[in-house]
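Trainee: what's the 3D shape of this:
(4 chains)
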There are 2 protein chains.
Amino acid sequence: MYKNQLDLVFSALADPARRGMLEQLAGGESNVGTLAKPHAMSQPAISKHLRVLERAGLIQRTRRGREHRIRVDPRPIEAASTWIGHYARFWKQQFDAIDAYLKAHEKDIHTNIQPKELQK
Amino acid sequence: MYKNQLDLVFSALADPARRGMLEQLAGGESNVGTLAKPHAMSQPAISKHLRVLERAGLIQRTRRGREHRIRVDPRPIEAASTWIGHYARFWKQQFDAIDAYLKAHEKDIHTNIQPKELQK
DNA sequence: CTTATACATAACCTACAGGTTATATAAATC
DNA sequence: GATTTATATAACCTGTAGGTTATGTATAAG
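Mentor: Sure thing, here's the model as predicted:
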């Protein structure tokens, strides 16, 4: 199946081990062994997680001898942040508006009188 | 397996059909049938997607007769937005800093002279 | 040259995601 | 009361996610 960038980024972020690795990489460039240490799993499992992050475009890899240097690429995560941030703000605003509305009509609700905007 | 809130939210967002439903819900409260229409899949498939969104806390449901009214709950998406936004900003800043650094040392690079910060 | 290190790849297993069709349930309509 | 409408649930299938162990490969160190 063909997955787009957002699909890949969000599903990469859905695993705590992978989010952990990204957090580790916030401290700067690293390598596979160092990234593996805090995680209680085999080395091939780490390799798989890194490949998922790489396919989502979230990390980039350069070989330096037998070592693989890993660093974050901030661009796809920024795209995801834009998507999610847009809706987060929009819904928060909606939510706050409803909240304010409910507060304004508190008396009506308590007296079981429905403001006509909500009547069918 | 036990999944935390962030896991559930990100994996819920990883499917384009579910993101589509959330976008539909940005236009306001809706019901299952209406949410189903734009998606080329069976009604049970829609029900499953809605259950995933519900378990992630992204939507709330109230029964009104035989109809289920669905609306967004902005709180979990805001949590996800916070996580992702934090790192997005951080990495963008890192990225821009590296970019600026590279620009500042452009001549050194072109002449193959390595600034001593990068020497092994 | 031999051994150790840092990784990837292969083969395998189990669980679950995401779709299907068929059926159930509850409410609305005729 | 019978039918239609709105939805859920069950049973099933296929593919893939995420883990394992075993093995391969290239580079570094002794």
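
Trainee: list the contacts for the residue nearest to the spatial centre of chain A?
Mentor: Among the residues of chain A, residue A:13 comes closest to the average C-alpha position under CA atoms, centre = their mean, at 5.2 Å. Each residue near residue A:13 by CB atoms under 8 Å, 6 or more residues apart in numbering or on different chains is listed here: A:19, A:22, A:80, B:10, B:84. For every residue, glycine as well, the C-beta is placed using N, CA and C.

Trainee: contact partners for the last one?
Mentor: Yep, that's residue B:84 we're talking about. Taking CB under 8 Å, 6+ apart, one finds A:13, A:77, A:80-81, A:84-85 in contact with residue B:84.

Trainee: just the first one next, same as before
Mentor: Counting by CB under 8 Å, 6+ apart, residue A:19 makes contact with A:13, B:6, B:83.

Trainee: inside helices: which ones of these?
Mentor: Taking DSSP state H as the definition of helices, these contribute A:13, B:6, B:83.

Trainee: apart from its neighbours in sequence, what residue is nearest the last one?
Mentor: If I follow you right, that is residue B:83. Spatial nearest neighbour of residue B:83, chain neighbours left out: residue B:6 (6.4 Å); criterion: CB to CB, 6 or more residues apart in numbering or on different chains.

Trainee: state the distance from the one you found to residue B:82.
Mentor: Relative to residue B:82, residue B:6 is positioned 10 Å away (CB to CB, to the nearest Å).

Trainee: neighbour-wise, which of these two wins?
Mentor: Shown here are residue B:6 and residue B:82; by other CB atoms under 10 Å in any protein chain shown, residue B:6 has more neighbours (19 against 12).

Trainee: thought the more buried one was touching residue B:78?
Mentor: No. Shown here, residue B:6 and residue B:78 do not form a contact pair, counting by CB atoms under 8 Å, at 11.9 Å.

Trainee: what segments of chain A are strands?
Mentor: A:30-31, A:59-64, A:67-72 (DSSP state E).

Trainee: make a markdown table out of the ones you listed and add distance to residue B:45.
Mentor: As requested, the strands of chain A are arranged in a markdown table below (distance: least, CB to CB, whole Å):
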| stretch | distance to residue B:45 |
| --- | --- |
| strand A:30-31 | 41 |
| strand A:59-64 | 33 |
| strand A:67-72 | 35 |
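
Trainee: with mean neighbour count, distance to DNA strand C and mean pLDDT added, can I get those in JSON lines?
Mentor: Listed next are the strands of chain A as JSON lines, based on neighbours: other CB atoms under 10 Å in any protein chain shown; distance: least, CB to the nearest atom of the strand, whole Å; pLDDT from 0 to 100:
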{"stretch": "strand A:30-31", "mean neighbour count": "16", "distance to DNA strand C": "4", "mean pLDDT": "96"}
{"stretch": "strand A:59-64", "mean neighbour count": "13", "distance to DNA strand C": "7", "mean pLDDT": "96"}
{"stretch": "strand A:67-72", "mean neighbour count": "17", "distance to DNA strand C": "4", "mean pLDDT": "96"}
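
Trainee: gap between residue A:23 and residue A:35?
Mentor: 10 Å.

Trainee: who's more crowded, the two?
Mentor: Using other CB under 10 Å as the criterion, residue A:23 and residue A:35 rank with residue A:35 on top: 22 against 13.

Trainee: and the pLDDT at the nearest residue in space to that one that is not next to it in sequence?
Mentor: If you skip the residues right next to it in sequence, residue A:35 has residue A:21 as its closest partner in space, 5.2 Å away by CB to CB, 6+ apart. Here, the pLDDT recorded for residue A:21 equals 97.

Trainee: residues contacting residue A:21?
Mentor: With contacts defined as CB under 8 Å, 6+ apart, residue A:21 is in contact with A:35, A:39, A:49-50, A:53.

Trainee: all set, thanks.
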